[in-house]
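any chance you could fold what I've pasted below:
(one chain, ligands or ions: 1)
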Amino acid sequence: MFNKIKNVLGNPFYENEDSIIYNMDCLEGLKILRDNNIKIDSTITSPPYNIGKEYENIKPVNDFVNWITEISDLIYDITKSNGCYLLNVGYMEVPNKGRAVPITYLLWDKLKFYLNQEIIWNYGAGVAAKNYLSPRNEKILWYIKNYENYTFNLDDIRDPDVKYPNQKKNGKLRCNTLGKNPSDVWQIAKVTSGANRSSEERTDHPAQFPVDLITRMVLGFTNQNNLVLDPFMGSGTTAEVCMKNNRKSIGFEIREDYCQTIKNRLENVIKQEEIKAMSPTLFQF
Ligand SMILES: C[S@@+](CC[C@H](N)C(=O)[O-])C[C@H]1O[C@@H](n2cnc3c(N)ncnc32)[C@H](O)[C@@H]1O
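As a prediction, this is how the structure comes out:
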């Protein structure tokens, strides 16, 4: 599966049957993929937000926007014509303009992709602010290449929490039995840390995606056996969700310590799968 990629990118930091991971600057890796005409189906990612987290150096605003645009343009070039680019971003300071400017405002029309929809990710826990409202959302820009041909598996992501599931019109159920359209506002808990409130899925990465968030993206916007890219892997949530849902993934992560976190995490998925396979009756419900 990954031979063509290995021929051009060299030996990965880690690979298994479903995933391949490079400890590399994604800008460098993406250029090599583009120059060698290697295609991916879709991308699910969250870049640094230019807010001084431990894995980033704050850049001047224009440099940050140009950097994300350059990476996104390379992603466009290597994406198949029916693929998508799901870009999760938050807020950053724009000096003398705004304390927390939605990064979507800076980026949305700079990319070659077509913006299909903006998804709002709303979560309960977070920073408790005193001088402004406590922030409780981030955005996901759902970009596609071709608005006449893109993947949207609505039935795979329907929300079963329907208020009146048995309501009928002319004798027919009004509601789809699989549930309702999940809408463009997704209420999904953040991965939390700290004594007594740490999420079970928590790794040592400071900005980890929740598995539930990525699962909805993988199921809704990609197909089985697709190759999904995450150029900013962090703790490897995209790769884990792909493994669990019959997709392949390729990713880049610039920090070696995080690559080790990803490796441990994916090896753990394999172990869990092996345990499940050995004792299937324990996992029947
Ligand atoms: C917001 S975090 C991603 C978190 C991830 N979504 C998860 O679930 O854990 C961004 C990651 O991008 C990595 N990164 C920053 N610049 C990079 C680059 N040029 N190439 C590859 N990775 C980079 C950082 O080290 C960090 O781990």
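
helix/strand/coil for the nearest residue to Trp108 once chain neighbours are set aside?
Nearest non-adjacent residue to Trp108, counting by Cβ to Cβ, 6 or more residues apart in numbering: Leu115, 5.8 Å away. All C-beta atoms are positioned from the backbone trio N, CA, C, and that covers glycine. Secondary structure state of Leu115, per DSSP: H, G, I helix; E, B strand; the rest coil, is strand.

list the contacts for Leu115?
108-109, 141-143 (Cβ atoms under 8 Å, 6 or more residues apart in numbering).

what about the strands in this structure?
Here the chain has its strands, by DSSP state E, at 14-15, 19-23, 40-45, 79-89, 91-94, 98-102, 114-122, 137-144, 168-169, 172-173, 185-187, 227-230, 248-253.

can I get those strands in CSV with mean pLDDT and distance to the ligand?
Converted to CSV, those look like this (pLDDT from 0 to 100; distance: least, Cβ to the nearest ligand atom, whole Å):
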stretch, mean pLDDT, distance to the ligand
strand 14-15, 98, 15
strand 19-23, 98, 9
strand 40-45, 98, 7
strand 79-89, 98, 7
strand 91-94, 95, 12
strand 98-102, 96, 16
strand 114-122, 98, 12
strand 137-144, 98, 10
strand 168-169, 84, 43
strand 172-173, 81, 38
strand 185-187, 98, 15
strand 227-230, 98, 7
strand 248-253, 98, 4
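
how about CSV for those strands, with distance to Thr281 added?
Putting the strands of the chain into CSV (distance: least, Cβ to Cβ, whole Å) gives the following:
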stretch, distance to Thr281
strand 14-15, 32
strand 19-23, 29
strand 40-45, 34
strand 79-89, 37
strand 91-94, 48
strand 98-102, 49
strand 114-122, 37
strand 137-144, 38
strand 168-169, 39
strand 172-173, 34
strand 185-187, 34
strand 227-230, 32
strand 248-253, 30
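
out of the ones you listed, which is closest to Val162?
With Cβ to Cβ as the criterion, Val162 lies closest to strand 172-173 of the strands of the chain, at 10.2 Å.

give me the number of neighbouring residues for the closest residue to Met92 other than its chain neighbours.
Excluding its sequence neighbours, the residue lying closest to Met92 (Cβ to Cβ, 6+ apart) is Asn50, at 4.6 Å. Counted by other Cβ atoms under 10 Å, the residues lying close to Asn50 total 25.

distance of Asn50 relative to Tyr123?
21 Å (Cβ to Cβ, to the nearest Å).

about what we covered before: partner residues bridging the residue nearest to Trp108?
As for beta bridges, Leu115 partners with Tyr143 under DSSP bridges.
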